[in-house]
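**Q** I need the structure of the sequence given here:
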Amino acid sequence: MALKLGKSFDRSYTLRVPFMDGYYNIGIYFDRKSTFLLFRVDPDVGHGSFEHNVKINMFKNLESSKFCETFINLHNYKKNTLDIVNQFERVKNDYIHEISFILNETITLSKVEIFDREIFDTLNIYGFTMNSYNDEFIFIITERHNVLKRLGKKIVRTSGIQIATNPALSMLDEYLEESKVAGKEGLEPMRTTDKIIKLSEAEQEAISNGAK
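**A** So this is what the prediction gives:
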């Protein structure tokens with residue numbers, strides 16, 4: 001059945017990304033005057049076939065994604081002229097060797113002048129994979145920058161789509177659990193010198209005598 005789009009969507013952009021022995025065609029449908037956005041995913045296996053069960057998940061809230069929770073720093077900011085929710089900031093330092101970029105594209109829709117400044121209305125697309133499952137895992141972040149000239153404000157909203165096999169999802173779960181270990185999420189591991197129990201000379205002598 002064909003995807004039917006209402007009046008909320010008047011632009012589209014299509015990505016073709018390799019996955020295992022085939023491809024996925026990912027359509028991004030959006031509106032040039034708002035942050036509305038929708039995905040369409042079509043497999044194109046060619047002459048091969050996907051041997052593993054593949055799961056596709058879409059995220060309107062990137063904070064609910066295990067991938068972003070584990071690997072990505074997100075940026076939120078709000079003031080009179082700027083409203084940002086879950087903008088991609090960077091890959092976390094602990095994991096720069098665990099994941100790789102597969103996409104980094106910007107589509108400029110228009111240029112708007114506000115208060116003598118040029119501001120661009122864009123769709124930014126970032127694609128990632130886990131290096132240990134680089135042909136079985138894809139996570140794409142779409143970042144919509146919409147300029148409201150009437151209000152003199154830029155709105156930034158993000159969505160995500162994840163395509164992964166079951167083995168890749170199991171690995172993602174392992175990474176998430178590992179990231180929660182002390183030292184990975186801003187927690188300082190307790191060192192053996194943090195707590196030192198000092199014994200009096202009499203107590204030390206009693207222990208020494210008991211060990212003889």
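**Q** before we move on, what SS does the most centrally placed residue in the chain have?
**A** Centroid-nearest residue in the chain, with C-alpha atoms, centre = their mean: C68, separated by 3.6 Å. Recorded secondary structure, C68: helix (DSSP: H, G, I helix; E, B strand; the rest coil).
**Q** Enumerate every residue touching the closest residue in space to it that isn't next to it in sequence.
**A** Leaving out its chain neighbours, the residue that sits closest to C68 by C-beta to C-beta, 6 or more residues apart in numbering is L62, at 4.6 Å. The C-beta positions use only the backbone N, C-alpha and C, and glycine is treated the same way. Shown in contact with L62 (C-beta atoms under 8 Å, 6 or more residues apart in numbering): 68, 72, 74, 86, 141, 158-160.
**Q** and if we set it to 10 Å?
**A** When contacts are counted by C-beta atoms under 10 Å, 6 or more residues apart in numbering, L62 touches 68-69, 72, 74, 85-88, 139, 141, 143, 158-160.
**Q** any chance of these in CSV, with distance to T129, pLDDT and secondary structure too?
**A** Below are the contacts of L62 laid out as CSV (distance: C-beta to C-beta, whole Å; pLDDT from 0 to 100; DSSP: H, G, I helix; E, B strand; the rest coil):
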residue, distance to T129, pLDDT, secondary structure
C68, 14, 97, helix
E69, 17, 95, helix
I72, 13, 96, strand
L74, 19, 96, strand
V85, 25, 96, strand
N86, 20, 96, strand
Q87, 21, 96, strand
F88, 15, 96, strand
F139, 7, 98, strand
I141, 13, 97, strand
E143, 18, 96, strand
T158, 18, 96, strand
S159, 18, 96, strand
G160, 14, 97, strand
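**Q** Identify, from these, the entry nearest to Y133.
**A** In terms of C-beta to C-beta, no member of the contacts of L62 lies closer to Y133 than F139, at 11.3 Å.
**Q** isn't that closest one right up against I161?
**A** Yes - with contact defined as C-beta atoms under 10 Å, F139 and I161 form a contacting pair (7.5 Å).
**Q** Overlap in contacts, the two.
**A** Common neighbours of F139 and I161 (C-beta under 10 Å, 6+ apart) are 57, 59, 65, 127.
**Q** From L74, how far out is the third one?
**A** According to C-beta to C-beta, to the nearest Å, S65 stands 10 Å off from L74.
**Q** which neighbours do the two share?
**A** Common neighbours of S65 and L74 (C-beta under 10 Å, 6+ apart) are 86, 141.
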